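# Dropping a prediction and its sequence here:
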Amino acid sequence: MIIGRGGCVIKEMQSKTRCRIQIPSQPTPGMMYRIATVTGPADGCNEVKGMIEKIVNEQSSQAVMAGSGGFSGNCNPYG
């Protein structure tokens, strides 16, 4: 999960990149996924984007290997 237990992953991303990351508690009606909003310096936003893409790719790979959609990792799956 990108948010992490207690928001620890999001908080760490925000601290490292000086960006604000907002993820709604529910997807927009009619959408399958929640959309993250990232605001801050352009280089920080690009770094957050890369971190999120890495987490999503790692989780997809782990789900395929485990045969499930779950994620059981530590609080820092991107670093």
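Received the coordinates, thanks.
# Would you map the helices across this protein?
Here the chain has its helices, by DSSP state H, at 8-17, 42-66.
# okay if I get these as JSON lines plus mean pLDDT and distance to Gln26?
Every C-beta, even on glycine, is put in place using the N, C-alpha and C of the backbone. Converted to JSON lines, the helices of the chain look like this (pLDDT from 0 to 100; distance: least, CB to CB, whole Å):
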{"stretch": "helix 8-17", "mean pLDDT": "93", "distance to Gln26": "16"}
{"stretch": "helix 42-66", "mean pLDDT": "86", "distance to Gln26": "18"}
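# could these go into TSV alongside mean neighbour count?
Putting the helices of the chain into TSV (neighbours: other CB atoms under 10 Å) gives the following:
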stretch	mean neighbour count
helix 8-17	17
helix 42-66	14
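# Adding distance to Thr28 as columns, could you present those in JSON lines?
Converted to JSON lines, these look like this (distance: least, CB to CB, whole Å):
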{"stretch": "helix 8-17", "distance to Thr28": "19"}
{"stretch": "helix 42-66", "distance to Thr28": "17"}
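# can you tell which of the ones you listed is closest to Pro24?
Within the helices of the chain, the stretch nearest Pro24 is helix 8-17; the backing value is 12.5 Å (CB to CB).
# Gly40 is in contact with Cys19, correct?
Yes - if you go by CB atoms under 8 Å, Cys19 and Gly40 touch, sitting 3.2 Å apart.
# When those two are compared, which one has more neighbours?
Cys19 (20 against 15; other CB atoms under 10 Å).
# Pop out the phi and psi values for that one.
Main-chain dihedrals, Cys19, degrees, to the nearest 10: phi -110, psi 160.
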